[in-house]
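[1] Provided below for reference: sequence and predicted model.
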Amino acid sequence: MPIAIPTLREGPVTLRPVRLRDARVLESELMENRSWLRQWEATSPYAPMSFDTRSSIRSLLSHARAGSGMPFVIEYQSELAGQLNVSSITWGSLSSATIGYWVGERFAGKSLTPTAVALATDFCFYQLGLHRMEICIRPENAPSLRVVEKLGFRYEGLRRRYIHINGDWRDHFCFGLVSDELKHGVLQRWQDGDVPPDAATIPSEDLDAARHPLPTIDR
């Protein structure tokens, strides 16, 4: 079933559906922030990195028509600042989805990303009726770790060599949130200062394990 992608706003932050005509601006932003974003970019172990932004947008919109994704553009004060994708939407007994995002370096430190994540999560919980949202983050990605800490996503574990990022399989810390944990929503809980202070705390043994990548076997 296709998903109607909404436009969501909070202060200077807007989440709106991505459009094909965004391709040129998105590509420019990605290239301008290449050194900032490269270390966090999903890559393919089977093909070289492509900057065919129009093709990427078409793929994202195809997932939306299939009911498995919601691709957004993030705007800050009406300026395109990045992207947020709700992906792997699963209905039925699981009723879950995953969130991924990026923003340009000049927008860092403006609370843009946690606001966008909170808006998307609240929509998924209270409009789509999903039960669980997940965010997976590389151990080295301190800015993203601060996002889940601010919003109170609960730490769920270390996944070894989980996603192909920047040319190799990378470990990820995974965080989750279920709608039952919230009284009024992610955004309001954050704004009210009611986020559990230790929800996103990573155990020392997982921090230590992430510093020692799994050995690979030559074949």
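    Okay, I see it.
[2] I'd like the next helix or strand past the worst-scoring helix or strand of the chain on mean pLDDT.
    Comparing every helix and strand of the chain by mean pLDDT, DSSP states H and E singles out helix 34-37 as the least confident one, with a mean of 78. Next in sequence after helix 34-37, counting helices and strands by DSSP states H and E, comes helix 53-65.
[3] so for that following helix, what's the average pLDDT?
    What helix 53-65 shows for mean pLDDT is 91.
[4] again with stretch 7-22
    Per-residue scores along stretch 7-22 average to 97.
[5] and that stretch, how far apart are its ends?
    Between the opening and closing residues of stretch 7-22 we find a distance of 15 Å, counting by CA to CA, to the nearest Å.
[6] do the same with stretch 133-142
    The stretch stretch 133-142 measures 20 Å between its terminal residues, going by CA to CA.
[7] I'd like the mean pLDDT over that stretch, please.
    The average pLDDT for stretch 133-142 rounds to 95.
[8] what segments of the protein are strands?
    If you assign secondary structure with DSSP state E, the strands in the chain sit at 8-10, 13-17, 70-76, 79-90, 96-103, 132-137, 154-165, 168-178.
[9] out of these, which one sits most buried?
    Per-stretch averages of neighbours, counted by mean count of other CB atoms under 10 Å, single out strand 70-76 among these, with a mean of 23. All C-beta spots, glycine's among them, are computed from the backbone N, C-alpha and C.
[10] who are the packing partners of it?
    The criterion is 3 or more CB pairs under 8 Å, 6 or more residues apart in numbering; DSSP states H and E, and the helices and strands that strand 70-76 contacts are strand 13-17, helix 53-65, strand 79-90, helix 112-123.
[11] nearest to Ala199, out of the ones you listed?
    helix 112-123 (13.6 Å; CB to CB).
[12] just put the strands of the chain in a markdown table and tack on distance to Cys124.
    Written out in a markdown table, the entries for those read as follows (distance: least, CB to CB, whole Å):
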| stretch | distance to Cys124 |
| --- | --- |
| strand 8-10 | 11 |
| strand 13-17 | 12 |
| strand 70-76 | 8 |
| strand 79-90 | 6 |
| strand 96-103 | 6 |
| strand 132-137 | 6 |
| strand 154-165 | 16 |
| strand 168-178 | 10 |
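[13] closest to Gln188 out of the ones you listed?
    Closest approach to Gln188 among the strands of the chain is made by strand 8-10 (10.4 Å; CB to CB).
[14] give me the helices and strands touching the closest one, please.
    Other elements packing on strand 8-10 under the criterion 3+ CB pairs under 8 Å, 6+ apart are strand 13-17, helix 112-123.
[15] please identify the most buried of those.
    Comparing the helices and strands packed on strand 8-10 by mean neighbour count (mean count of other CB under 10 Å), helix 112-123 ranks first with a mean of 24.
[16] identify all contacting residues around it.
    Residues from elsewhere that reach helix 112-123, judged by CB atoms under 8 Å, 6 or more residues apart in numbering: 6, 8-11, 13, 15, 70, 72, 74, 76, 81-82, 84, 86, 99, 101, 103, 133, 135, 143-144, 147, 150-151, 177, 185-187, 190.
[17] next: stretch 158-165.
    39-45, 136, 138, 169-174, 206, 209-210, 213-214.
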